[in-house]
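**Q** this one's sequence-less:
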C-alpha cells in the first residue's frame, strides 16, 4: 500500500513538471496564431496582450500587431450606477521580446439611478427633486466657522433642505441660515458677528484630510454626509418649527469610479489613456 502511494506521488510530480514545461513553451515563429489583447474594462486598465483582463508572459513577434475594440456594461454601488465603456487598444511587437501597447476609452457613459445616496449630489452646486421642485438637499456638514470660536466649532451640523445654490469653488458663497430664525442670528451662532452673512469655507489643511466648513464632512473632504429622511419639528403650539434628520450619515458616501459626479447622466470620450511596454526575458 505504501509503495502504491509513493508511485502515485512520483507520477503526479512528473506530470506537474511536464505541464509546467509545456506552459512555458514559447510560440514558434511559424505559428500563425496571435495572442489576444486585454480589454481591462470594469477593473484595471487593459493594455498588453493576454487573456481578457489578465496579462501573460508572451509577447507579439516582431512586426505583429493587434487592434481591438470592446463593449462593456457594469454596475457600481453606492448609487446603483450603470457604467458603459468602449475600450480601444493597439499593440505592436518591435522585436520578438518587446511589445508596445496603447489603450483608451473611446466612450464612457455613467447613469446614476439612486443619486440620493451619493454625497456628491449634496454639494452646494447640486439639486435634487423634492416635492416636484429642484432644491439643494439637506445634508450633514462641518459647521461654518467665522473669525471667533463658537459652541459649534469643528462639529457636525444639520443643513436643512433649500440652502442657497453656490457654484464651485464654493468658498465665500452664502451658506444660508441653517434653519435659524429670529430672535437668533446665524452670524452670531457661527462666529461671523451679528447681522453678517454666514459663508462657506475656506478650506483648512490639505489633501484628503482637509476640512471644508459649511460644505464637507466633519471627518474631512469636500463631500458632506447624506440625509435620507427628515421629520418636521413642532413648537409648543403644535405649529411646524423646522426639520430634523432621521436617517443620515456623518461620513460621506461616494462612488470610487466618479466621486464628484452630481448629474444623473454624463458621458466622455478619449478621457483616459494607458501606454507602456512588455519585455519578455525568456528565449
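**A** Happy to help now that I have it. Because the structure is predicted, anything quoted here is derived from the model rather than measured.
**Q** separation between the closest residue to residue 155 other than its chain neighbours and residue 191?
**A** Nearest non-adjacent residue to residue 155, counting by C-beta to C-beta, 6 or more residues apart in numbering: residue 143, 5.3 Å away. Backbone N, C-alpha and C define where each C-beta goes, glycine included. Applying C-beta to C-beta, to the nearest Å, the value for residue 143 to residue 191 is 9 Å.
**Q** Residue 76 too?
**A** 40 Å.
**Q** Same check on residue 166?
**A** From residue 166 to residue 191 the distance is 19 Å (C-beta to C-beta).
**Q** can you check residue 105 too?
**A** 46 Å.
**Q** what does residue 156 give?
**A** Applying C-beta to C-beta to residue 156 and residue 191 gives a distance of 16 Å.
**Q** now swap in residue 162 and tell me
**A** With C-beta to C-beta as the criterion, residue 162 and residue 191 are 23 Å apart.
**Q** Mind telling me what element the residue nearest to residue 69 when sequence neighbours are not counted is part of?
**A** Leaving aside its sequence neighbours, residue 69 sits nearest to residue 88 (C-beta to C-beta, 6+ apart; 5.0 Å). Assigned by DSSP states H and E, residue 88 belongs to strand 81-93.
**Q** gap between the spatially closest residue to residue 243 that is not a sequence neighbour and residue 124?
**A** In this structure, residue 243 finds its nearest non-sequential neighbour in residue 230, 4.6 Å apart by C-beta to C-beta, 6+ apart. Residue 230 sits 18 Å away from residue 124, going by C-beta to C-beta.
**Q** So for the two, which sits in the more crowded spot?
**A** residue 124 (24 against 18; other C-beta atoms under 10 Å).
**Q** which parts of the helix or strand hosting the residue nearest to residue 243 are buried?
**A** In this assignment (DSSP H and E), residue 230 forms part of strand 225-234. Buried residues in strand 225-234, counted by 16 or more other C-beta atoms under 10 Å: 225, 226, 227, 230.
**Q** how far out from the middle of the chain is that strand?
**A** Between the centre of strand 225-234 and the centre of its host chain there is 26 Å, according to C-alpha atoms, centre = their mean, to the nearest Å.
**Q** Counting by contacts, list what the helix or strand harbouring residue 106 packs against.
**A** Element membership for residue 106, per DSSP H and E: strand 98-112. With contacts taken as 3 or more C-beta pairs under 8 Å, 6 or more residues apart in numbering; DSSP states H and E, strand 98-112 sits against strand 81-93, strand 265-268, strand 273-279.
**Q** Give the other helices and strands that the shortest one contacts.
**A** Okay, so that is strand 265-268. strand 98-112.
**Q** Name the residues of the following helix or strand past the strand it packs on that come out as buried.
**A** Once the chain leaves strand 98-112, the next helix or strand it forms, by DSSP H and E, is strand 128-130. Within strand 128-130, the residues that count as buried by 16+ other C-beta under 10 Å are residue 128.
**Q** circling back: who's the residue nearest to residue 243 bridged to?
**A** residue 245 (DSSP bridges).
**Q** Quick one: mean pLDDT for stretch 136-153?
**A** The pLDDT scores in stretch 136-153 average 92.
**Q** outside of stretch 205-222, which residues touch it?
**A** Identification of contacts with stretch 205-222 by C-beta atoms under 8 Å, 6 or more residues apart in numbering yields 119, 123-124, 140-145, 154-156, 159, 170, 175, 198-204, 223-225, 250-252.
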